[in-house]
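J.: dropping a prediction and its sequence here:
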Amino acid sequence: GENVEQHPSTLSVQEGDSAVIKCTYSDSASNYFPWYKQELGKRPQLIIDIRSNVGEKKDQRIAVTLNKTAKHFSLHITETQPEDSAVYFCAAWDAGNMLTFGGGTRLMVKP
Amino acid sequence: EAGVVQSPRYKIIEKKQPVAFWCNPISGHNTLYWYLQNLGQGPELLIRYENEEAVDDSQLPKDRFSAERLKGVDSTLKIQPAELGDSAVYLCASSVTSGETQYFGPGTRLLVL
């Protein structure tokens, strides 16, 4: 089955700086890659997603890039704000019709 | 539009007791998922329903866990008997169909004493 690795596990940045979280996947047939943000005690919420026919997608301060050849995708957050502090999960939808999640990245934005 | 609804939000039981979780997906969503989330980890799929059919339950510990989605809408996940290691958050999610965006409910936090 699919294996998704996520790095780093924790990330601390200063407010206004950029944050980058990287994920690799193992199943070359995976074709859908969502990113979820989860605040403490809350539900995971979709923040951005990308399909395998696209290399990059942007939504205001958030962008995702996908390299199908290398089988990795990244989340980029620019101009970080304290409210961006949360745990971020990447995921990959594989040929087995299953969404496999990475281990999560705890992002801390210091004011 | 209402999101995915789950109840109860919290449950504390003693080991060997039964427990049940309920999920109401977003209206019109045919696919329903149950996930287990341990502290500090990503969600792990337990079972996926396409309408009322369980199409992927390979990760469900069938000796003690069961699930149903009788009319293809609401779903119930049951554990009987519960063990200490079952303490976790049980998340329900739904999507229009498989492979589309999944929307999560708030989860049920289970503590087994």
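T.: Received the coordinates, thanks. Residues are numbered from 1 along each chain as shown, chains lettered A, B, ... in the order given.

J.: going by C-alpha atoms from here, please, whenever you check contacts or count neighbours.
T.: Fine.

J.: sec struct for the closest residue to B:Pro106 other than its chain neighbours, please.
T.: Spatial nearest neighbour of B:Pro106, excluding adjacent residues (Cα to Cα, 6 or more residues apart in numbering or on different chains): A:Arg43 at 4.6 Å. Three-state call for A:Arg43 (DSSP: H, G, I helix; E, B strand; the rest coil): coil.

J.: tell me the phi and psi of A:Arg43?
T.: Phi and psi for A:Arg43, reported as degrees, to the nearest 10, are phi -80, psi 150.

J.: identify the residues contacting stretch A:53-65?
T.: Stretch A:53-65 is contacted by residues A:31, A:48-50, A:66-67, A:73-79 when judged by Cα atoms under 8 Å, 6 or more residues apart in numbering or on different chains.

J.: rerun that using 6 Å as the cut-off
T.: A:66, A:73-78 (Cα atoms under 6 Å, 6 or more residues apart in numbering or on different chains).

J.: what's the separation between the residue of chain A found nearest chain B and B:Tyr35?
T.: Per Cα to the nearest Cα, A:Arg43 is where chain A lies closest to chain B, at 4.6 Å. Going from A:Arg43 to B:Tyr35 by Cα to Cα, to the nearest Å gives 12 Å.

J.: so between these two, which is more surrounded?
T.: Counted by other Cα atoms under 10 Å in any protein chain shown, A:Arg43 and B:Tyr35 do not tie: B:Tyr35 has more neighbours, with 21 against 18.

J.: touching chain A at all, the helix or strand harbouring that one?
T.: Using DSSP states H and E, B:Tyr35 sits in strand B:31-37. No - judged by Cα under 6 Å from any Cα of the partner chain, strand B:31-37 stays clear of chain A, getting no closer than 10.0 Å.

J.: just the CA atoms of that strand, as PDB, please.
T.: Backbone C-alpha positions of strand B:31-37 (Å, rounded to 0.1, in the frame of the first residue of the first chain) are rendered in PDB as follows:
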ATOM      1  CA  THR B  31     -18.900   7.900   0.500                       C
ATOM      2  CA  LEU B  32     -18.400   7.700   4.200                       C
ATOM      3  CA  TYR B  33     -15.200   7.000   6.100                       C
ATOM      4  CA  TRP B  34     -14.300   6.100   9.600                       C
ATOM      5  CA  TYR B  35     -10.800   6.900  10.800                       C
ATOM      6  CA  LEU B  36      -8.900   6.300  14.000                       C
ATOM      7  CA  GLN B  37      -6.500   9.100  15.100                       C
END
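
J.: so for it, mean pLDDT?
T.: Confidence for strand B:31-37, expressed as mean pLDDT, is 96.

J.: just checking: what are the partner strands of that strand?
T.: Strand pairing for strand B:31-37, determined by DSSP bridges: strand B:44-50 (antiparallel), strand B:88-95 (antiparallel).

J.: by contact count, what packs against the helix or strand just after the longest one?
T.: The helix or strand immediately downstream of strand B:88-95 is strand B:103-104, counting by DSSP H and E. Other helices and strands packing on strand B:103-104, by 3 or more Cα pairs under 6 Å, 6 or more residues apart in numbering or on different chains; DSSP states H and E, are strand B:88-95.

J.: A:Gln14 is in contact with A:Lys110, correct?
T.: Yes - counting by Cα atoms under 6 Å, A:Gln14 is a contact partner of A:Lys110 at 4.9 Å.

J.: how about the residues of chain A by chain B?
T.: Within reach of chain B by Cα under 6 Å from any Cα, chain A has these residues: A:43, A:101, A:103.

J.: 10 Å instead, please
T.: Residues of chain A found near chain B (Cα under 10 Å from any Cα of the partner chain) are A:9, A:31-34, A:36, A:38, A:41-46, A:48-49, A:87-91, A:93-106.
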